[in-house]
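Trainee: Give me the fold of what follows.
(one chain, ligands or ions: 1)
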Amino acid sequence: ILGGYEARPHLRPYMASLQLDGQHVCGGFLIAEQWVLSAAHCTEGTNGKLFQVLLGAHSLTEPEPHKRLYRVRAQIAHPGSNIHNNRDDLLLLQLEEKAELNAHVKVLPFQREDRDVEADTLCEAAGWGTVTHSGRRPDKLQQVERPVISRELCNHRTRHDQTITEKMMCTDSRKKDTCKGDSGGPLVCNGVAEGVVTAGSRVCGNYKKPAIYTRIAPYATWIDGVMASAAG
Ligand SMILES: NCc1cccc(NC(=O)c2cccc3[nH]c(C(N)=O)cc23)c1
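Mentor: Reported below is the predicted structural model:
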């Protein structure tokens, strides 16, 4: 997160850190006791290795009550996701067992009504992604508040030039922005997860390249289907 600040510890008990060999790779969030939603691009370069999912954390390194690393039973990328564009950039992770829910570990509801969030709505992104252009990684969860911008403005030829579909949304990226390692985290508007951070143009903090999110509502049926078919 660029231009943000340290989150109040455990005020975002749905936040997950997707890790490989003890290293934070991407964000994610708990959508059900045994399921985390993240971004399909996070599996790029992992050679099919399964993530481990850290829940209940504020600091990535310090011991904290209710902080726990979960093994993943299955990772299901949306069938439409691919490395060439940001379309359908969603990843579902089934934990080896149901997460132990408590004050520091909670499910975050996601938007099911497929209607655009109004431009200028202030939403929040959080993550353990880089906090400087040089790529400094934080130990503690960061957050930033960003206004939604219209798809029309985001699609302007000087911005993302007609690549933003109706299944995506954008926030202003001037100075304060999501960045490397924040992918997969939720964009929370009025307490509901409306989007999932996608790397998009990979640029951070440049107002010409607004942050892009996969809208969740259009995928509610897919998400429910995967969770139902893997149940038990
Ligand atoms: N503000 C939008 C936004 C949101 C989330 C992430 C990013 N930026 C990256 O993720 C990124 C940046 C630089 C080099 C990179 N290399 C790789 C990679 N997967 O190899 C990713 C990146 C940007």
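
Trainee: roughly how far apart are residue 187 and residue 176?
Mentor: Separation of residue 187 from residue 176 (CB to CB, to the nearest Å) stands at 13 Å. C-betas here are computed from N, CA, C, even on glycine.

Trainee: Just the helices from this protein, written as ranges.
Mentor: 151-154, 220-230 (DSSP state H).

Trainee: Alpha carbons of the last one, in PDB - could you do that?
Mentor: If I follow you right, that is helix 220-230. Taking C-alpha atoms only, helix 220-230 is exported to PDB below (Å, rounded to 0.1, in the frame of the first residue of the first chain):
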ATOM      1  CA  ALA A 220     -21.200 -14.700  -6.800                       C
ATOM      2  CA  THR A 221     -22.700 -17.700  -8.600                       C
ATOM      3  CA  TRP A 222     -19.200 -19.100  -9.500                       C
ATOM      4  CA  ILE A 223     -18.000 -18.600  -6.000                       C
ATOM      5  CA  ASP A 224     -21.100 -20.300  -4.500                       C
ATOM      6  CA  GLY A 225     -20.800 -23.200  -7.000                       C
ATOM      7  CA  VAL A 226     -17.100 -23.900  -6.200                       C
ATOM      8  CA  MET A 227     -17.800 -23.800  -2.400                       C
ATOM      9  CA  ALA A 228     -20.800 -26.000  -2.700                       C
ATOM     10  CA  SER A 229     -19.100 -28.600  -5.000                       C
ATOM     11  CA  ALA A 230     -16.000 -28.900  -2.800                       C
END
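
Trainee: packing partners for it?
Mentor: In this structure, helix 220-230 packs against strand 68-77, strand 91-95, with contacts taken as 3 or more CB pairs under 8 Å, 6 or more residues apart in numbering; DSSP states H and E.

Trainee: deepest of those, which one?
Mentor: Most buried of the helices and strands packed on helix 220-230, by mean neighbour count (mean count of other CB atoms under 10 Å): strand 91-95, with a mean of 22.

Trainee: residues contacting residue 75?
Mentor: For residue 75, the contacting residues are 43, 50, 51, 91, 92, 93, 94, by CB atoms under 8 Å, 6 or more residues apart in numbering.

Trainee: now do residue 76
Mentor: Residue 76 makes contact with 91, 92, 93, 94, 226, 230, according to CB under 8 Å, 6+ apart.

Trainee: Ok, residue 123 next?
Mentor: 117, 145, 146, 147, 148, 171, 187, 188, 189, 194, 195.

Trainee: quick one on the thing from earlier: the more surrounded of residue 187 and residue 176?
Mentor: residue 187 (26 against 20; other CB atoms under 10 Å).

Trainee: can you tell me how far that one sits from residue 168?
Mentor: Separation of residue 187 from residue 168 (CB to CB): 11 Å.

Trainee: where do the contact lists of the two overlap?
Mentor: By CB under 8 Å, 6+ apart, residue 187 and residue 168 have these common neighbours: 195, 213.
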